[in-house]
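>>> From the sequence below, what's the structure:
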Amino acid sequence: MEPTNSELWAAALGYVLPLAIAVVAQPRWTGAVKGLLMLVVAVLDGLGTAYFNGQFDGKPIITNILVAAVAIGIAYHTVWKPSGIAPGIEQATSTGGPRHAVEPGA
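Residues are numbered from 1 along each chain as shown. Coordinates of the predicted model:
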């Protein structure tokens with residue numbers, strides 16, 4: 001079975017979406033919270049690619065969501081995390097931690 005255009009787009013976007021997720025994710029968040037964020041992004045990716053490819057009904061939507069979730073997970077764990085890029089983005093965009101801490105009494 002050949003992949004459809006919407007499945008290919010879902011996978012292609014899923015490859016680069018871990019960088020967008022890293023902008024939002026905070027280093028202090030638990031793995032469960034980061035996983036939930038990834039699933040929300042995968043749902044949006046699947047819905048968007050199905051819609052923009054004229055396949056916005058039932059099975060294509062679910063397939064695109066699953067393709068996006070797998071692509072995001074594989075890309076994060078094989079490219080973006082080992083290279084240090086995604087964790088670096090998380091640190092750079094963190095809203096808390098030592099570099100943004102307010103000194104007591106300030």
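
>>> elements contacting the helix or strand containing Val23?
Assigned by DSSP states H and E, Val23 belongs to helix 5-24. Where contact means 3 or more C-beta pairs under 8 Å, 6 or more residues apart in numbering; DSSP states H and E, helix 5-24 is packed against helix 31-52, helix 58-75, helix 85-92. Backbone N, C-alpha and C define where each C-beta goes, glycine included.

>>> distance of Ala25 from Ala92?
12 Å (C-beta to C-beta, to the nearest Å).

>>> ugh, typo on my part, it should be Arg28
14 Å.

>>> So the spatially closest residue to Arg28 that is not a sequence neighbour, which state does it fall into?
Nearest residue to Arg28 in three dimensions, chain neighbours excluded: Gly96, at 6.2 Å (C-beta to C-beta, 6 or more residues apart in numbering). When classified by DSSP: H, G, I helix; E, B strand; the rest coil, Gly96 comes out as coil.

>>> Would you agree Gly96 is in contact with Trp29?
No: under the criterion of C-beta atoms under 8 Å, Gly96 makes no contact with Trp29, lying 10.3 Å away.

>>> now Gln55, what's its secondary structure?
Put simply, Gln55 is coil when judged by three-state DSSP.

>>> mind listing what it touches?
Contacts for Gln55 were tallied using C-beta atoms under 8 Å, 6 or more residues apart in numbering; they are Thr4, Ser6, Ile61, Asn64.

>>> If we use 10 Å, what do you get?
Thr4, Asn5, Ser6, Glu7, Thr49, Ile61, Thr63, Asn64 (C-beta atoms under 10 Å, 6 or more residues apart in numbering).
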